[in-house]
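1. Need coordinates for the below:
(2 chains)
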There are 2 protein chains.
Amino acid sequence: MKFKRNERIGAIVKILSDNPNKIFTLSYFTEKFNAAKSTISEDILVVKNVFEKLSLGKVITISGAAGGVKYIPQISKVENKEFLVELCENLKDTKRILPGGFLYLVDILYNPQIAFKVGKVFASCLNYEKADYVVTMETKGIPIALATAKAMNLPLVIIRKNARISEGSSMSITYVSGSKNLVQTMTLPRRALEEGSKVVLIDDFMRGGGTLRGMEALMKEFKAEVIAKGILISTMEPSRKLIDDYISLLELANVDEETGKINVFPNKKVIDLFS
Amino acid sequence: MKFKRNERIGAIVKILSDNPNKIFTLSYFTEKFNAAKSTISEDILVVKNVFEKLSLGKVITISGAAGGVKYIPQISKVENKEFLVELCENLKDTKRILPGGFLYLVDILYNPQIAFKVGKVFASCLNYEKADYVVTMETKGIPIALATAKAMNLPLVIIRKNARISEGSSMSITYVSGSKNLVQTMTLPRRALEEGSKVVLIDDFMRGGGTLRGMEALMKEFKAEVIAKGILISTMEPSRKLIDDYISLLELANVDEETGKINVFPNKKVIDLFS
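-> Model (predicted):
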C-alpha cells in the first residue's frame, strides 16, 4: 500500500501521540508506509512543526543505534493555567462540602479527561527522566497516577493497605496517617519493584504528609530512590509537612462549613514553573 | 497564524485521538486554524481516510445542530488477536504461580500500555452507545476500567470495600465472594451515580461471578441499568457463573502448581466478534 504525505503525517501523529515517550525507529515508519528514509525524515519535520506551533508537546529525534523519534507530552503555560484555574472553580462548589469539612472529590479524581490532564501536567513539571516506576497508594490517587505513568511511559505500582494472597509475599510497614492520627499499614508485593529502582510518587491529597512519608519509608525497604513527588491537592495547614521536595498542583486554604466557602488556588510555584 | 494542510491534518489527528468519542464542531477547527469550512471539511476527509487505511479506529461526521466530527477508538481484527495471544504468552510465565495456585497479575494489570489496549478492546466489543458511566470495584481492575472509560468518554465510578468519611453518605450491600466464600461488603457514595443511569461494568478477574453479581445488586439499589459487562480474565471452572451476558477477553483453564503449566486462551467468542 502507498500513502500520500498527508496520510503519513496523520498516521505518524496518531502513533506518536498514542505512545508518549516511546522511541520509534525510522525503519518502523519506512516499513509501515513503504517509503524511503528521506521521505519519512521530511514527514517527521512537519510533525515536529505542528506540535510546536500548536503547543501540543515536543517531538524529538534521537540519533545513534537506539535512535528514532519520540513524543514528549508537555502542556503549555496557557493551557496549564487555564486547567488549574478551572479545576479550582469546580472544587469551589459548595455542594462538595461533607460533614466534618471534607470535600467530595471522587467525581473529579475519577474523571478520565481530568485525570489525563493532571498526568500531562505532572509529566510537564516533574523530572522523570531517570525514573523506572510511578508509585501510588490505593485508591483515590490511582486514576491520576495511571495517567501520569501513561504520559511518562512507565509501569505503575500500587501500594495496598493490606497484603493479598493473590499478590504473593510482600513487605509491609506501619505509618501514622496525619488526618486520622491512626497507625495504619501499607504493603507491596516483594516482586513489585526491582531493588535500586528510581521512582516517582503520586498522590491525590496531602494534609500532614504522613502517608507520603510512609510511602518513602516503604520505598527505602525496597532500596528504591524517590526522585520526584507529585500531589494534586495539598492543604496550606499545617504549613510544615512531614515530607520535602514535593510539587502540589493546588493548595487548599480552608473549607468553611458555615458559609460554604472553599478557598483553593493553583500553586503559584507550579504556574511559575511554566514561565 | 496560518497553517498548511499537512499541519492542520496532523493537529486534527492529535486532537481527535486525544479525545475519543468527543464531538468537535467544524467551527472549533475553523477558528483554531483560521480556515474556511470547506477547507476543514476536506481535511477531515483525509483524516477519515488515514484512520480507515491503517485501521486506527473510525472518524465519523455527525450532521445537525449538535453535529461535528468524532473519533471512535476501534482495534482491528488482526491487532486484537495479536494482542490477546501475546497477553496469554505473558500470562503463561511459570514464575507467575503463587502459593495456592494464584497468579501474580498486577504487573500486567497496572501496565499503562496493556491497560489502554484492554480499554480499546472493550470499547470495540461492548455496546456502550447509551452508557452514562463505567463502573468497577477497587483495586486491581481500576487501571483497565479507567482506560475503558477514557476510550468511551465516560466518567468512571469506583465501588469501594468500605465506606469513607471523605466520600459522604453511601449505600452498602453485602455479597458472597466466590473465591473466598466470605460475606463481604461493597459501598458507593450516594451521589456517585444518578438514578436511572445506564452503566458498563468492568472487572479484571472472575471465578464464580459473586463480585460481579454483587455489583449488579448494588447498581439496582441506584436504579441503574447494567447494559454491558467486560472482564479481562474468567476461569473456565466453574462453567456456570452467577452472572450472564458478560464478555471476558481471556479464559483461564487451569494453573498446575506441580508442572508450572498455566493454560490460558483468548476467548474464541471475542476473536469471532471481530470477524
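2. CA atoms for contacts and neighbours, from now on please.
-> Noted.
3. interface residues of the stretch 151-275 of chain A facing chain B?
-> With CA under 8 Å from any CA of the partner chain as the criterion, the stretch 151-275 of chain A meets chain B at residues A:Asn153, A:Leu154, A:Pro155, A:Leu156, A:Val157, A:Ile158, A:Ile165, A:Ser166, A:Glu167, A:Gly168, A:Ala192.
4. Neighbour-wise, which one of these leads?
-> In terms of neighbours by other CA atoms under 10 Å in any protein chain shown, those top out with A:Leu156 at 29 neighbours.
5. sorry, back to before: max pairwise distance over the residues of the stretch 151-275 of chain A next to chain B: which two?
-> A:Asn153 and A:Ile165 (28.6 Å; CA to CA).
6. Run through the stretch 151-275 of chain A and note the low-pLDDT ranges.
-> Along the stretch 151-275 of chain A, the parts satisfying pLDDT under 70 run over A:179-180.
7. show me where chain A has strands.
-> Along chain A, the segments classed as strands by DSSP state E run A:58-62, A:68-72, A:97-98, A:102-103, A:133-137, A:156-159, A:170-177, A:182-189, A:198-206, A:225-235, A:246-256, A:261-266.
8. Let's have these in a markdown table, adding distance to B:Phe122.
-> What follows is those, written out as a markdown table (distance: least, CA to CA, whole Å):
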| stretch | distance to B:Phe122 |
| --- | --- |
| strand A:58-62 | 30 |
| strand A:68-72 | 26 |
| strand A:97-98 | 35 |
| strand A:102-103 | 32 |
| strand A:133-137 | 25 |
| strand A:156-159 | 21 |
| strand A:170-177 | 32 |
| strand A:182-189 | 28 |
| strand A:198-206 | 27 |
| strand A:225-235 | 29 |
| strand A:246-256 | 32 |
| strand A:261-266 | 36 |
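9. How about residues contacting the longest helix seen in chain A?
-> Counting residues, the longest helix found in chain A (DSSP state H) is helix A:37-53. For helix A:37-53, the external contacting residues (CA atoms under 8 Å, 6 or more residues apart in numbering or on different chains) are A:5, A:8-9, A:12-13, A:26-27, A:29-30, A:56-60, B:6-8, B:10-11.
10. So among these, which ones count as buried?
-> In terms of neighbour count (16 or more other CA atoms under 10 Å in any protein chain shown), the buried residues within the contacts of helix A:37-53 are A:5, A:8-9, A:12-13, A:26, A:29-30, A:56-60, B:6-8, B:10-11.
11. for A:Lys161, what are its contacts?
-> Contact partners of A:Lys161, counting by CA under 8 Å, 6+ apart, are A:Met137, A:Glu138, A:Gln184, A:Thr185, A:Met186, A:Thr187.
12. circling back to that earlier point, which one of the strands of chain A lies nearest to B:Leu232?
-> Evaluated with CA to CA, those place strand A:156-159 nearest to B:Leu232, the distance being 18.2 Å.
13. strand partners of the closest one, parallel vs antiparallel please.
-> Partner strands and pairing direction for strand A:156-159 (DSSP bridges) are strand A:133-137 (parallel).
14. now the strand it pairs with against strand A:182-189, angle please.
-> Orientation note: strand A:133-137 sits at an angle of 140 degrees relative to strand A:182-189 (axes from the mean of the first three to the mean of the last three CA atoms, to 10 degrees).
15. Next, the angle from strand A:133-137 to strand A:225-235.
-> What separates the directions of strand A:133-137 and strand A:225-235 is an angle of 40 degrees, with the same axes, to 10 degrees.
16. from the chain's centre, how far out does strand A:133-137 sit?
-> In terms of CA atoms, centre = their mean, to the nearest Å, the centre of strand A:133-137 is found 9 Å from the chain centre.
17. Extract the CA atoms of that strand and return them as PDB.
-> Presented in PDB, the C-alpha positions along strand A:133-137 are these (Å, rounded to 0.1, in the frame of the first residue of the first chain):
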ATOM      1  CA  TYR A 133       8.200   3.400  38.000                       C
ATOM      2  CA  VAL A 134       5.300   5.600  39.100                       C
ATOM      3  CA  VAL A 135       4.200   4.600  42.600                       C
ATOM      4  CA  THR A 136       0.900   5.500  44.300                       C
ATOM      5  CA  MET A 137      -1.200   4.200  47.100                       C
END
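18. tell me the mean pLDDT over it?
-> If you average the pLDDT over strand A:133-137, you get 98.
19. residues making contact with stretch A:258-272?
-> Where contact means CA under 8 Å, 6+ apart, the residues beyond stretch A:258-272 that reach it are A:77, A:80-81, A:84-85, A:88, A:91-94, A:97, A:125, A:247-256.
20. hmm, which of those are the buried ones?
-> Looks like those have A:77, A:80-81, A:84-85, A:88, A:91-92, A:94, A:97, A:125, A:247-252, A:255 buried, using 16+ other CA under 10 Å.
21. Off-centre distance for stretch A:228-248?
-> Between the centre of stretch A:228-248 and the centre of its host chain there is 15 Å, according to CA atoms, centre = their mean.
22. Buried ones in that stretch, by neighbour count?
-> When neighbours are counted by 16+ other CA under 10 Å, the buried residues of stretch A:228-248 are found to be A:228-236, A:241, A:246-248.
23. go on, stretch A:63-71?
-> Of the residues in stretch A:63-71, those buried under the neighbour-count criterion (16+ other CA under 10 Å) are A:Gly68, A:Val69, A:Lys70, A:Tyr71.
24. cool, and stretch A:23-42?
-> A:Ile23, A:Phe24, A:Thr25, A:Leu26, A:Phe29, A:Thr30, A:Phe33, A:Ala35, A:Ile40, A:Ser41.
25. Next step: the residues you listed restricted to helices.
-> The subset of the buried residues of stretch A:23-42 that ends up in helices is A:Leu26, A:Phe29, A:Thr30, A:Phe33, A:Ile40, A:Ser41, with DSSP H as the criterion.
26. Just flag the most distant two among the residues you listed.
-> Among these, the pair separated by the greatest distance (CA to CA) is A:Phe33 and A:Ser41, at 12.4 Å.
27. Enumerate every residue touching the nearest residue to A:Thr148 once chain neighbours are set aside.
-> Leaving aside its chain neighbours, A:Thr148 sits nearest to A:Gly119 (3.8 Å; criterion: CA to CA, 6 or more residues apart in numbering or on different chains). For A:Gly119, the set of contacting residues under the criterion of CA under 8 Å, 6+ apart consists of A:Ile144, A:Ala145, A:Leu146, A:Ala147, A:Thr148, A:Ala149, A:Lys150, A:Ala151.
28. do the same with A:Ile233
-> Here A:Ile233 is in contact with A:Asp204, A:Phe205, A:Met206, A:Ser248, A:Leu249, A:Leu250, A:Glu251, A:Leu252 (CA under 8 Å, 6+ apart).
29. Tell me how many other residues surround the closest residue to A:Ser234 other than its chain neighbours.
-> The spatial neighbour of A:Ser234 that comes closest, neighbours along the chain excluded (CA to CA, 6+ apart), is A:Met206 at 4.6 Å. Applying the criterion other CA under 10 Å, we find 21 residues in the vicinity of A:Met206.
30. Would you confirm that A:Met206 contacts A:Glu237?
-> No - the pair A:Met206 and A:Glu237 fails to qualify as a contact (CA atoms under 8 Å) at a distance of 10.2 Å.
31. ok, back up a step: closest to B:Gly178 out of the contacts of A:Ile233?
-> Within these, the smallest distance to B:Gly178 is 32.3 Å, found for A:Asp204 (CA to CA).
32. Pretty sure the closest one sits against A:Glu138.
-> No - using CA under 8 Å as the test, A:Asp204 is too far from A:Glu138 to be in contact (10.1 Å).
33. returning to that earlier point: closest one to chain B out of the buried residues of stretch A:23-42, please.
-> Taking CA to the nearest CA as the measure, chain B sits nearest to A:Phe33 out of the buried residues of stretch A:23-42, at 9.7 Å.
34. Would you enumerate the residues in contact with that closest one?
-> With contacts defined as CA under 8 Å, 6+ apart, A:Phe33 is in contact with A:Met1, A:Lys2, A:Phe3, A:Arg8.
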